[in-house]
Structure formats: C-alpha cells, structure tokens
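A.B. asks: Model the structure of this input:
(chains A and B)
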Amino acid sequence: MTDTHTQPDHAATPAFPGTGHPMVRIEDVHKRYGNLEVLKGINLEVESGEVVCIIGASGSGKTTLLRCINFLETYESGRIYVDNELVGYRERDGRLIPAREKDIARVRAETAMVFQQFNLFPHMTALANVAFGPIKVRSVARDEANRKARELLARVGLSDKADIYPVQLSGGQQQRVAIARALAMEPKVMLFDEVTSALDPELVGEVLAVMEDLAASHGVTMIVVTHEMMFAREAADRVVFMDDGIIVEEGRPEEIIGNPRSNRLRAFLRRFHTA
Amino acid sequence: MNPVIEEFPLLLQGVAVTLQISVLVIISGSIFGLFGGLGLLYGPSWLRALLRGYVDIVRGLPLLITIFIIFYIPPALDIEVSGFAAVTVALSIFAGAHISEIVRGAVASVSRGQNDAAKALGLTFWPRIWNVILPQALPAIIPPWTNTAVEMVKGSSLAYLVSVSELLFQTYKVVGRTGAAMPLYIAAALLYFAINLALSRAGVLLERRIRYTT
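C.D. replies: Reported below is the predicted structural model:
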C-alpha cells in the first residue's frame, strides 16, 4: 500500500515528529492469572503516529498486553505509560498503588479500543453508538456530537446506516461502526484487538481497508494485534512477535515477516504460508 | 348481590389501603432490589456477603413470619410499630430480596464485552451501569419484576393478621356484619384480580416499550 518512510533499513523504530517522548512506554511488565504468568517482562516503546502490529500464537499474551495498556487488565509489576501518564496506578515510594477510578477513566478516554466481538451497544443506533463517547465522556453537545458522528460514519463508508441498529448490520459493518466509535474520541492511541478474526472472510477486506487508510494518514498511534500478515506487512511501521509471554523479535515488517531470524518465529509464520 | 352493592364503598376503602401498601412496597422494594442486585455483583466482599445473607434469609422465611417479626419484636424494644408500617416494611424487605436476585441475574447476563467497551471509552462505574448495562438488563428484569409486584399485592392481604384494614380485612369485617360470605369474598377476589391484571398488563406494555430488537 503506502510506505513513505525513508529511514535507513537498520532502524527498528522510525523517528516521527511528535512530543519528544514515546506515546506508549511499556517497561518490564509482568502479569499473572493466578499461578500462570502470562506476561514475563515486556519492554516496548511506541512512538506517536507509529503503527505497530503485534503477532503471535494464541496464548502468547498479545491480547493481554493490549488490554493492559487501557487497563482492562491489571498488571503486577513494571510500568505502562500513555503519553507519559502511568496507567492504572499511582506511584508511591517506588510501589504501585491502584489509581482512582476517574484517573483510570481519563487515560482510557485517550486510548480507544476496537474489539474482536465489536461490542457495539445494541440498544443504540449506529449514529448514537459513535456519538455516545463524546457526549458522555467529553461533554460535547448532542448536535455537535451527532454531526461529527455522521462525518465519521461517512469516512468508514456507512453514511446510510446512521439510524440503523447494530443487530441489522453485518459483522464488517458493525466493526467499521466500532472503528468510527473509537475515532470519535479523538484518541492518542488506538488499540485493535484481532478485529477481523470474528469476521466472515469476505467482510475482512472492508475493515482492513479502513485500517490501512488510518495507518497511512499516521494521524494516530495504532497498536494492532492481528493475524492478518498481509496487513502487517503493508501497513505496519514495525512488527512485534510475541510468544509465551515475551517479545521474541521485533523490527520492520519486511524483516520480521520476510526474513524471520528466530526458530519460534519461523515456525509460527510457516502456518501462514507467507511468501 | 345486594350486600355486595351496599357494602361496596367499604370494600373500596380496603382497596385504597391495599393500593397504598402495594405502591409503597413496589417502589421501595424496587429501589432496594436495584442497589441490592448491583451490590451483589459489584460490591466489596463484605457487602456481597451481607447482601447474600439478607437475600437468602428473607427468601427462606414465610412472608407471614417476616411480618410478625417486624410487628412483634420492636415493641419489646420499646419501639412502636403500627400494623401498616410492619406490613409495608416486611413486604418491602421481601420484595427487595427477590428483586435483588432478579437484577443480579439480569445484569450478570449482559455480555462482558459491553462493560469492556464502555470502560474503554472512559466511562466510570455509574454512567456505565445507567447508560449501557441497565438498558440491556431491563428485558430480563421486567417479567419477573412484574411477577414479584403481583405477589406483593397478594401478600398485602396478610396485613389483616396485624389488623390493617386492607381489602381482605375489610371484607372479613363486612362478612361478619352481614353474613353474606360467598358474594363478598368473590367480590374481593375480583377486586384483587383486577388490580393484578392491571399490573400484569402494565408489565407487558413496559416490555414492549423497551424492546429494541426488530
């Protein structure tokens, strides 16, 4: 698709104009479910405007990591920062104590998520779904929110579905509404959790097209957990491969997908028969 | 038929009291039930344990015993309780326990992804409950809630045992005076039936109004 970077090939993190600090910083994050450690020390930085794809087998921890970024999952140790703000906790004497609900909510408003199961609100129309966040969380006036919601629905190709309820939409359409709903919050970071995995194959393309469009504009930082290798290859600035709770390899898509170094990554990619 | 027509105004006085009790009970029971159900699901563990205990105990006792407990124990502690108050409080506690379970079950059945999506947008707890979760739980709450409301109207007839002049007690007194048992009890039955039919119909209308699926 589009690849307008002109950095030298060995650069793992392309430089983006921005705030001077990484938009997302994940430092030595550990997480366990009971006795099972699912994140075993993750270190990752994502620059503002960067598009990062996280790939890996199910159980590798990639979805858990994504959900830690907006604190839908807690983490036991390490730090996650979104735009230099610590996520989910306050720091006191070097220890993590749970943050207040409104602080967590504030960070979440800056990180929008698109889910594998869409999770549209079934009792609201598509328009109402998209306008809901700005109205309730950003206190935008209803008319203004509705106007911008219509623009976003048009942007994802669904202007004629504004007054339709989710139950009447196809999976691909619902997912595009979900993307519009996330965009309506004007987030600093967009988190995509295997957003095409639950779709019939013929509907995957329309959703990926919207995402490629977003990625090309580089207006928003995107962290995409996906199995769609073609998308990762064409739209990502960087690909991260996770396995068994750690990051095994990361780098530019053509290196990671085209020229995998570790055996684990090679074994993983073999399943996709990528060229 | 004559005694019924002559005594009808007295029966209607009883209906008024029955309605007073019923309205108070349904409203307060619903409020207890809403917060009870949410507390059972989302509260801190001490609250959940407390509510669990309350719900299990109240649902395990016959309604009459609950009424008697509230009517006879406070005077032993020098607190005066009228029959009307005892019945209303007891029925409210009873309704609250039932509605807590109804709300708990209905809210728990709303898919977890809905809460995730609402959290991800940046909503705090009460806005999530009010805007996203409760609207989706309502279709599962209203039918059993209507049922509970009807049971409370019927339960209000136990008030006659603590000398509250609701419909049943009124009927009983009139029967005592006129001796026309059959027609009068049938009239009372029809009045109860009318109240409960109205309640059930209201429930069905409510169900239809909140329907959002085609």
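
A.B. asks: quick one: contacts for the closest residue to chain B within the stretch 51-200 of chain A?
C.D. replies: Chain B sits closest to A:A109 of the stretch 51-200 of chain A, with a gap of 3.0 Å, by C-beta to the nearest C-beta. No exception for glycine: its C-beta is placed from N, CA and C like everyone else's. Counting by C-beta atoms under 8 Å, 6 or more residues apart in numbering or on different chains, A:A109 touches A:G133, A:V137, A:R138, A:M185, A:P187, B:L121, B:G122.

A.B. asks: TSV please, covering those and showing distance to A:V38, pLDDT and neighbour count.
C.D. replies: Formatted as TSV, those follow (distance: C-beta to C-beta, whole Å; pLDDT from 0 to 100; neighbours: other C-beta atoms under 10 Å in any protein chain shown):
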residue	distance to A:V38	pLDDT	neighbour count
A:G133	29	97	27
A:V137	30	96	20
A:R138	33	95	14
A:M185	28	96	23
A:P187	25	96	24
B:L121	25	97	28
B:G122	25	96	24
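
A.B. asks: Quick check: the closest residue to chain A within chain B vs B:R128, distance?
C.D. replies: Here chain B gets closest to chain A at one residue, B:G122, 3.0 Å apart by C-beta to the nearest C-beta. Distance, B:G122 to B:R128, using C-beta to C-beta, to the nearest Å: 10 Å.

A.B. asks: try A:V87
C.D. replies: Applying C-beta to C-beta to A:V87 and B:R128 gives a distance of 19 Å.

A.B. asks: neighbour count winner among those two?
C.D. replies: Taking neighbours as other C-beta atoms under 10 Å in any protein chain shown, A:V87 and B:R128 compare with A:V87 leading, 23 against 19.

A.B. asks: hang on, the earlier thing: in CSV: the contacts of A:A109, plus secondary structure.
C.D. replies: Shown next, in CSV, are the contacts of A:A109 (DSSP: H, G, I helix; E, B strand; the rest coil):
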residue, secondary structure
A:G133, helix
A:V137, helix
A:R138, coil
A:M185, coil
A:P187, coil
B:L121, helix
B:G122, coil
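
A.B. asks: and of those, the nearest to A:I69?
C.D. replies: A:P187 (11.4 Å; C-beta to C-beta).

A.B. asks: I'd say that closest one and A:G219 touch.
C.D. replies: No - contact criterion C-beta atoms under 8 Å: A:P187 and A:G219 do not qualify, at 10.6 Å.

A.B. asks: shared neighbours, those two?
C.D. replies: Shared contacts of A:P187 and A:G219 (C-beta under 8 Å, 6+ apart): none.

A.B. asks: Outside of the strand or helix carrying A:K136 itself, list whatever touches it.
C.D. replies: Taking DSSP states H and E as the definition, A:K136 sits inside helix A:126-137. The contact list for helix A:126-137 (C-beta under 8 Å, 6+ apart) reads A:105, A:109, A:112, A:120-121, A:124, A:140, A:142, A:144-146, A:148-150, A:152-153, A:158, A:161-166, A:169, A:177-178, A:180-181, A:184-185, B:121-123, B:127, B:131.

A.B. asks: That one: which residues count as buried?
C.D. replies: By 16 or more other C-beta atoms under 10 Å in any protein chain shown, the buried positions in helix A:126-137 come out as A:A126, A:L127, A:A128, A:N129, A:V130, A:A131, A:F132, A:G133, A:P134, A:I135, A:K136, A:V137.

A.B. asks: Following element in sequence after it, please.
C.D. replies: Following helix A:126-137 toward the C-terminus (DSSP H and E): helix A:142-155.

A.B. asks: quick one: stretch A:22-35 near chain B?
C.D. replies: No - Stretch A:22-35 does not reach chain B (C-beta under 8 Å from any C-beta of the partner chain); its nearest approach is 15.3 Å.

A.B. asks: and that stretch, average pLDDT?
C.D. replies: The pLDDT scores in stretch A:22-35 average 95.

A.B. asks: which regions of chain A sit below the pLDDT cut-off?
C.D. replies: Across chain A, the ranges flagged by pLDDT under 70 are A:1-19, A:273-275.

A.B. asks: and what of chain B?
C.D. replies: B:1, B:212-214.

A.B. asks: what's the spacing between the longest helix seen in it and its chain's center?
C.D. replies: Scanning chain B for the helix with the most residues, using DSSP state H, yields helix B:2-42. Centre-to-centre, helix B:2-42 and its host chain are 7 Å apart (C-alpha atoms, centre = their mean, to the nearest Å).

A.B. asks: tell me which residues in stretch A:67-87 are buried?
C.D. replies: A:67-73, A:75, A:78-83, A:86-87.

A.B. asks: try stretch A:261-273
C.D. replies: Residues of stretch A:261-273 classed as buried under the neighbour-count rule (16+ other C-beta under 10 Å) are A:R264, A:L265, A:F268, A:L269.

A.B. asks: Strands of the stretch 151-275 of chain A, start to end?
C.D. replies: For the stretch 151-275 of chain A, strands defined by DSSP state E, counting those that start in this stretch occupy the ranges A:189-193, A:221-225, A:238-243, A:246-251.

A.B. asks: Which one of those strands lies nearest to B:V81?
C.D. replies: strand A:189-193 (56.9 Å).

A.B. asks: Can you pull out the residues in contact with that closest one?
C.D. replies: If you take C-beta under 8 Å, 6+ apart as the criterion, strand A:189-193 is touched by A:23-24, A:46, A:63, A:66-67, A:69-70, A:82, A:110-116, A:182-183, A:211, A:214, A:220-226.

A.B. asks: That strand vs strand A:221-225, what angle?
C.D. replies: Here strand A:189-193 points in a direction 10 degrees away from that of strand A:221-225 (axes from the mean of the first three to the mean of the last three C-alpha atoms, to 10 degrees).
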